[in-house]
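> mind folding the following:
(one chain, ligands or ions: 1)
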Amino acid sequence: MTYLKSGLAAVALAALLPVFALPARAADTITVRETYARFMPGAMAGAAFMVIENHGTEDDRLVDAASDIAQKVELHTHKAGADGVMQMLHVPEGFVIPAGGEHSLQRGGDHVMFMGLNERPAEGTSVPVTLTFEKAGEIVVEIPVDNSR
Ligand SMILES: [Cu+2]
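Next up is the predicted model:
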């Protein structure tokens, strides 16, 4: 019983600590929904998609993404090159999330790119990703792996 209690206390503490570490504004202004990630066979890379809502009164900007699952994580977009072929581009300045609005990361458009996967995440699991916003700070999201989308 003592073991169970201390175990629960440890779990509760672990659950609370990251929340305290986050700026309060993150939870107040930014909400992330409809997350999913795809990891295609044959490539040690993948991408994550989501809708980011900004409930604040000022525009914010997604400026970085990080995860332990890959050696490199970047904010990317798709753009037609001079030859009309769609190319992926790194967007170091990130994506504006308009005040009172939302911005979608979606197939064929803006996305979070994972390069150099440490191992391929299994279908049905989830991958932790830390999103960094210019004003709201860091938000950790668990993104479900769904290769069927
Ligand atoms: Cu990409």
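> with adjacent residues omitted, what lies nearest to H55?
Spatial nearest neighbour of H55, chain neighbours left out: T29 (5.2 Å); criterion: Cβ to Cβ, 6 or more residues apart in numbering. Using the backbone N, CA and C atoms, a C-beta is placed for each residue, glycine as well.
> same check, this time on N54
For N54, ignoring the flanking residues on the chain, the nearest one in space by Cβ to Cβ, 6+ apart is I97 at 4.2 Å.
> okay, that neighbour: pLDDT?
Predicted confidence (pLDDT) for I97: 98.
> residue contacts, it?
I97 is in contact with 30, 52-54, 59-62, 103, 133, counting by Cβ atoms under 8 Å, 6 or more residues apart in numbering.
> that older thread, ok, now which ones touch the residue nearest to H55?
Contact analysis of T29 by Cβ under 8 Å, 6+ apart lists 54-56, 60, 135-136.
> let's see that with 10 Å instead.
In this structure, T29 makes contact with 23, 53-58, 60, 97, 99, 133, 135-137, judged by Cβ atoms under 10 Å, 6 or more residues apart in numbering.
> before we move on, back to that, just grab the bridge partners of the residue nearest to N54 for me.
Each beta-bridge partner of I97 is listed here, defined by DSSP bridges: D60.
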